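Q: Structure for this input, please:
(chains A and B)
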Amino acid sequence: MTDDIKRVLLIGSGPIIIGQSAEFDYSGNQAIKALISEGKEVLVVNSNPATIQTDNREGIKPFMIPLKKENILEIIKKERPDSIMGTFGGQTGLNLLMELWKSGIISKYGIKVLGTPVDAIEISEDRLLFKKKMEEIGEPVLESYYCTNLNDVIKYAKQMGFPVVVRPSFTLGGSGGGIANDIDELRSIAERGLNLSQVGGVLIEKSIIGWTELEVEVVRDGMGNKIAVCTMENVDPMGVHTGDSIVVTPFLTLNDENYQKIRSAALKIAEGIGVIGACNVQFAFDNNSGKYYVIEVNPRLSRSSALASKATGYPIARVAALIALGKTIEFIENRVTGEKNSAREPAIDYIVAKFPIWPTEKFFDADFTLGTQMKSTGEVMSIGKSLSEAFRKALRSTGLLTKKGEFNEKLLTVPNPERALQIYLAYKRGYDTAKISKLTGWNLLFVDEIIRAFEMEENEGEVFSVVDTCAGEFDVKTPYYYSSPNGSKIMANVLLVGSGPITIGQGIEFDYSCVHASKVIRELGKKVVILNDNPETVSTDFDESDVLIFDPVDYKSVATIINNSNIRTIVPWFGGQRPINILRKLKENFGDKIEIPGTSVEVVDLLEDREKFANLMNEMNIPYPEFIFSTKENLKESVERIGFPVIVRPSYTISGAHMGILRNTNELNDFVSYQGKYIDNFLVEKYLDNSLEAEIDGVSDGESVLIPGIIEHIEEAGIHSGDSTSIFPSTNIPAHVQETMKEYTVSICRKLKIIGPFNIQFAVKNDTVYIIEINPRSSRTFPFVSKISGINLAEISAKIIMGNKLSKSSIKISKYGVKFPIFPFEKLTEADVVLGPEMKSTGEVIGVGDNIQEAIINGYLAAGFDIKREGVIVSIPRNRRNEFLGIIKMIYDSGKTIYSTEGTHNYLKGYGIPSIKIKKIFEGSPNGMDIIKQGNISAVINILNENYRSESDGKTLRRACYERKILYMSVRSQAKAFAEVLTYKNRGDNIKTTNDSD
Amino acid sequence: MKKGILKVDGLGEFEGEFFGKETEVSGEIVFTTSPSGYLKSITDPSYRGQILVFSFPYIGSYGIEEEGESKDVQVRGVVLNRIPSIFKEKFSKYLEDNGVPGIILNDTRKIVDFTRKNGNKIGTIGNARMDNPYENNLVNEIQVNQTHLKKEGASKILLVDLGLKGNILKFLNEYDITIIPYSDFSFNKIGDYDGIVISNGPGDPSHPDFIQFREELRKSMLNIPMLGICLGHQLIGLASGMKTEKMKFGHRSINHPVKDVITGKIGITTHNHGFTVLFEEGKGLKMRYKSLNDGSNEGMQGENLLTTQFHPEGGPGPRDELGVFDEFRRMIIND
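A: Below is the predicted model of the structure:
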């Protein structure tokens, strides 16, 4: 063991995006805990504020900086770490490690790379090196050829035999590939692929679509000892990204001969590459012939390693971190079982299923056909004694069990998010299981068991079985649990209901709050049970609670816990909306048998009922946007009563579909004739246009109220708060308005006897403060506000609900934070990137600074925007040009070149601002798209005519911007912030690009 | 659904669903944690005299298409938690054809927990009398297929079959092999061979039936390359003057780490043993492998001799320690 390691720099994974979810906070945090226990100091870099790993704790120095080489270099210079870990931050972390290595920074500063060495990482990441290595050690890889012309494509395809897969190199969003069954198909796919590829090349590969995809998690130490921690079989055959596949553990359809063949190959590959730590090896396997190919190796912690850890109870990240420090598995203690070594391969006595979760309801216009591009935002893990039991729980967790689906044979044959449901519907229609198996490519076993899962009767008499890594072979110290027909009861004091899978709107932020709440309640001497079904989380790490129960976050699970334990205290306030949704039913069924400490369930009900909420506001004399429920028939009359502009939406909105902001009678008529075809009942609400939106996150004990400050949104009201760029503390809202917000907040908290965490959303128009929404629970912005203010809202909330009172303390915030949303548009092709009242972002990054401009600059960088580029494209409708004149002048004066469409161009010219004239897209070239493609654009300001329909010009531009990481602004306040930042920079102020959080 | 009863001495009765052959049996209740290779397990002769409980609850997920470790089902009975519906009938028929009963019950974990705490107990399926299987020499139940597997020009191996697993033969297929029962083994015969393999098998190695065999082994040891696996390893231990003892609940799984104390390396291995050699220094052999779970002896070496308590051939299970067969080959070449 190397004692010269004292300060370790650990690279985090940044914002939650499709393909990189909360699993890296879990892995990174587990590694950090291991490093701290070995007496190391850890420097953590991560731009995602909603992470536990960026908390200030003893032995840890977090830096919430943009994950860019230059910024990390600053940290290295300042903090001089002696070693670095780049395998705990997903692909982002790995890429940064390699960048730092290649640029010589690592060797220049004498930093030791811990864990898997860089040359081994290179072998795994470079296609050709990988292929060579596999051939060298005798492991089969898929035949593939890189071609730059059609002749070669056809030549090699003939050589390999059809079908072949065509994969264009370097296209945006993975577009342009496909499977060709014959020469004609090949010709058309390859031509398109060669065209779309930015380097004019395609890879053609032998097709193994339909084969089984298998994964093995391997841990290997520096002495070459290695074990296969977990085997995973994908239910969806090859062709669907493993992140989008239903996966089961362990291998189920392989006999022992094949099982061992794959396991041995995985170990051999880890050995051949020289992994030191953890890796994930993926195979394509044909059960008929027993043949397999190695698909790829991830020489790092991964989504699969998080799943494997939770599925087996083996803490892979902890072991990998200790291996990286030089320990061998023989001398790493297994904290779950209490064994002195971590060398035994886990044994399980249950089946695990993982189901992905897709944001289908948020992106009604996106294509959710599943393929090689991952599209899910999160996943659930379920445990059962049989496959159907595990499937049943996953169906509960994903909502597929109760989803009303219509049978559609296409949805059966083509992979898509509701295929499990389609299988059941097909069966109900009389399709036999063998036929369904053939149509879906699912093994008959999986088809049969998913159908059984749908038909299974709910078992009311469930108790709890254990996850102990050894299937009962040894006595264990800290097992965790899942409900099953047999087992035992559990003993604890408090049930903390977790947040469930990561979806848009229900993100990692809630897991962050749960982890803190659990810690505080345990410190108060209570035994805490955490209920969660999300394997990607810190809260489901084995040491974050006294008892972990891995079951769906729903009413049935909570009822099972109450019925089979001595627990009477249920805490729902930290897991987001999901736990709140089951409160009423809990209260109805258990009444006084349970205690829900904090705000009363009646108040929760009141705040969710719009009529009651309105009565309360009226009673308290607090303004709120007026609204009416309306039928389709009297919609016009209702709109007239409220007065333009209005937001009209279906009274039970399930997506951003069918929603509109209407400003005049024409728009109203259009809306009625179009949307009236689909919707019968609407909610008509006053739209506070050109208003400012703000929020308060705080804690109340029913009397005193803790308010760290005001969160100000850069975007105007009308854009979902989760998608807004938020500034904390507010810089633009006048002090007296802020005071009004605080006064309202205090009086509401007192009036409603709010006890615990809360979030209140405001709109401000002409200095009038309106209340839009009150949430008596932990909010999405809790980590953001906590990190900037240094006041841990989740922890304080937990203390308050457990009976403590707030103590008076003065609040002094010495820095500024900006939270930028991160969107999944590059992964979800087809989806329009327009923002509105429906949330679309998957994650966030933070920018921190001593002043607001500095914070914004860091936020831009963290979000991947390069504002140093020279050009800015501007397009503003006639009636709004005056509002933008000053902004564009500031941008021009900062030295940017302005490109503008004809009307805007002429207008600017009239005010002495020169710009380069471009055409609208339908007018031909050169237009905005052409300029964007030239690559020197830092921002596009495209203000649309206020209209509920997204017009195509905007859609194309928006998409192009997101794909190229160009700042796209559609509202004035965004443009204003941008202009101010440029002006600030232009003044030559010394901008620091890094800021630690202490 | 036909009801079946499993009785476990000291724990009680469990009612479950009957499958396989309708018959009553008694045996030692043992459990394995292996999720794969269930057909290999139940056809492994080392399980003779035992009712095998699978702690992995979902047995039968790939059907019954798997090469067994012998041609018969060797366990006295099978206890498992769930069988996938699509294979249930086939599995039941397979056991029935092999004359072996099975019970499907929800409480397998309870039996595992009990066994871990209290050691292996006798149990019955149905109302059979509780018989201790170790009163008889279980190896005597093995039908040894006395054959000569010829291979021109290859080294000649004498294989003593105590309940040989098919997979061991696979890793010896480079040799000319003569298979004999232990009662036919004698020091006088070994001159005709280049090496000797003492196989795995069921039961108690200290059974008096083996006294003569151990004596022949003692004389032969160190004079000719010799490989002992499982029961073979235990008998060699006894032959060298060490003792064996019955373990509390044995090792039966495919995930056990053993450490090669000479190289320092760890391998994951298949185990199926209820007895263990109490290793002693000064008996002419060196400790070679030890269990990282409980520190028990997992193999020994001497001049021209290598033994493993674990199963390097897997079947079911990993083959991390196939080097054992390479070492045996080197012994033969160098001898």
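
Q: just the helices in chain B please.
A: B:38-42, B:85-97, B:108-118, B:166-170, B:211-220, B:231-239, B:323-334 (DSSP state H).

Q: Tell me the helices and strands packed up against the longest one.
A: Applying 3 or more C-beta pairs under 8 Å, 6 or more residues apart in numbering or on different chains; DSSP states H and E, one finds that helix B:85-97 makes contact with helix A:444-455, strand B:12-20, strand B:101-104. All C-beta atoms are positioned from the backbone trio N, CA, C, and that covers glycine.

Q: Would you mind putting the helices of chain B into CSV with mean pLDDT and mean neighbour count alongside?
A: Below are the helices of chain B laid out as CSV (pLDDT from 0 to 100; neighbours: other C-beta atoms under 10 Å in any protein chain shown):
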stretch, mean pLDDT, mean neighbour count
helix B:38-42, 98, 26
helix B:85-97, 97, 17
helix B:108-118, 96, 20
helix B:166-170, 96, 20
helix B:211-220, 97, 17
helix B:231-239, 98, 27
helix B:323-334, 96, 17
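
Q: Tell me which residues of the longest strand that chain B contains come out buried.
A: Counting by DSSP state E, the longest strand found in chain B is strand B:243-260. Within strand B:243-260, the residues scored as buried using 16 or more other C-beta atoms under 10 Å in any protein chain shown are B:244, B:249-260.

Q: and that strand, which strands flank it?
A: Within its sheet, strand B:243-260 is paired with strand B:266-278 (antiparallel), strand B:286-291 (antiparallel), according to DSSP bridges.

Q: ranges for the helices of the stretch 451-600 of chain A?
A: A:508-523, A:555-563, A:577-580, A:583-590 (DSSP state H, counting those that start in this stretch).

Q: Could you do the stretch 1-150 of chain A as well?
A: A:23-37, A:69-79, A:90-102, A:105-108, A:118-125, A:127-137, A:150-160.

Q: Also the stretch 201-350 of chain A?
A: A:256-273, A:303-312, A:316-324.

Q: Quick one: distance of the last one to the chain centre.
A: Between the mean C-alpha point of helix A:316-324 and the mean C-alpha point of its chain there is a distance of 25 Å (C-alpha atoms, centre = their mean, to the nearest Å).

Q: got it, and the first one?
A: Between the centre of helix A:256-273 and the centre of its chain there are 32 Å (C-alpha atoms, centre = their mean).

Q: okay, now the closest residue to residue B:224 other than its chain neighbours: neighbour count?
A: Nearest residue to residue B:224 in three dimensions, chain neighbours excluded: residue B:190, at 5.2 Å (C-beta to C-beta, 6 or more residues apart in numbering or on different chains). As a burial measure, residue B:190 scores 18 neighbours (other C-beta atoms under 10 Å in any protein chain shown).

Q: correct me, but residue B:190 touches residue B:225?
A: No - counting by C-beta atoms under 8 Å, residue B:190 stays clear of residue B:225, with 10.3 Å between them.

Q: Get me the contact residues on the stretch 51-200 of chain B for chain A.
A: B:55-58, B:61-62, B:65-67, B:81-82, B:84-86, B:106-110, B:112-113, B:116 (C-beta under 8 Å from any C-beta of the partner chain).

Q: hmm, try it at 7 Å
A: Within the stretch 51-200 of chain B, the positions near chain A by C-beta under 7 Å from any C-beta of the partner chain are B:55-58, B:61-62, B:65-66, B:81-82, B:84-86, B:106-107, B:109, B:112-113, B:116.

Q: circling back: farthest pair within the buried residues of strand B:243-260?
A: Pairwise distances across these peak at 25.1 Å for B:249 and B:260 (criterion: C-beta to C-beta).

Q: So for stretch B:192-207, mean pLDDT?
A: Average pLDDT, stretch B:192-207: 97.

Q: Can you give the distance from it to the centre of its chain?
A: Averaged over its C-alpha atoms, stretch B:192-207 has a centre that lies 12 Å from its chain's centre (C-alpha atoms, centre = their mean).

Q: Tell me who's in contact with the residue lying closest to residue B:270 once chain neighbours are set aside.
A: Spatial nearest neighbour of residue B:270, excluding adjacent residues (C-beta to C-beta, 6+ apart): residue B:317 at 3.1 Å. By C-beta atoms under 7 Å, 6 or more residues apart in numbering or on different chains, the contact set of residue B:317 is B:34, B:37, B:254, B:270, B:311.

Q: So which of the residues you listed is surrounded by the most neighbours?
A: Most surrounded of the contacts of residue B:317: other C-beta under 10 Å gives residue B:270, at 33 neighbours.

Q: Any figure for the gap between that residue and residue A:112?
A: 38 Å (C-beta to C-beta, to the nearest Å).

Q: Any chance of a markdown table for the buried residues of strand B:243-260, columns pLDDT?
A: A markdown table is the format used below for the buried residues of strand B:243-260 (pLDDT from 0 to 100):
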| residue | pLDDT |
| --- | --- |
| B:244 | 98 |
| B:249 | 96 |
| B:250 | 96 |
| B:251 | 97 |
| B:252 | 97 |
| B:253 | 96 |
| B:254 | 97 |
| B:255 | 97 |
| B:256 | 97 |
| B:257 | 97 |
| B:258 | 98 |
| B:259 | 97 |
| B:260 | 97 |
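
Q: show me the contacts for residue A:335.
A: Counted by C-beta under 7 Å, 6+ apart, residue A:335 has contacts A:315, A:478, A:542.

Q: now do residue B:290
A: B:258-259, B:261, B:296-298.

Q: One more: residue A:287?
A: A:212, A:253-254.

Q: what's the answer for residue A:215, then?
A: Here residue A:215 is in contact with A:232, A:242, A:280-282, A:304 (C-beta under 7 Å, 6+ apart).

Q: Where does the record place the domain boundaries for chain A?
A: A:7-114, A:143-206, A:463-597, A:632-681, A:692-806, A:843-986 (automatic domain parsing).

Q: So which bits of stretch A:102-110 are buried?
A: In terms of neighbour count (16+ other C-beta under 10 Å), stretch A:102-110 has its buried residues at A:105-106.

Q: possible to save the helices and strands packed on helix B:85-97 as CSV with distance to residue A:647?
A: Shown next, in CSV, are the helices and strands packed on helix B:85-97 (distance: least, C-beta to C-beta, whole Å):
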stretch, distance to residue A:647
helix A:444-455, 38
strand B:12-20, 60
strand B:101-104, 59
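
Q: Which among the ones you listed is found nearest to residue B:217?
A: Taking C-beta to C-beta, strand B:101-104 is the member of these nearest to residue B:217, at 36.7 Å.

Q: before we move on, back to that, of the contacts of residue A:335, which belong to strands?
A: Reading strands off the contacts of residue A:335, I find no matches (DSSP E).

Q: Scan these and report the most crowded one.
A: Neighbour counts for the contacts of residue A:335 peak at residue A:315, which has 27 neighbours (criterion: other C-beta under 10 Å).

Q: in chain A, which ranges drop under the pLDDT threshold?
A: Scanning chain A for pLDDT under 70 picks out A:1-2, A:170-176, A:652-657, A:945-953, A:986-998.

Q: Pull up the residues of it that are close to chain B.
A: Near chain B, when you scan chain A using C-beta under 7 Å from any C-beta, you find A:223-225, A:227, A:250-256, A:259-260, A:263-264, A:329-330, A:341, A:343-345, A:347, A:349-351, A:385-387, A:444-445, A:448-449, A:452, A:465, A:470-473, A:485-486.

Q: hang on, the earlier thing: closest one to residue A:586 out of the buried residues of strand B:243-260, please.
A: residue B:255 (40.9 Å).

Q: Is it correct that the closest one is in contact with residue A:345?
A: Yes - Residue B:255 lies in contact with residue A:345 (C-beta atoms under 7 Å); the separation is 3.8 Å.

Q: quick one: residue A:378 and residue A:503 touch, right?
A: Yes - counting by C-beta under 7 Å, residue A:503 is a contact partner of residue A:378 at 5.9 Å.
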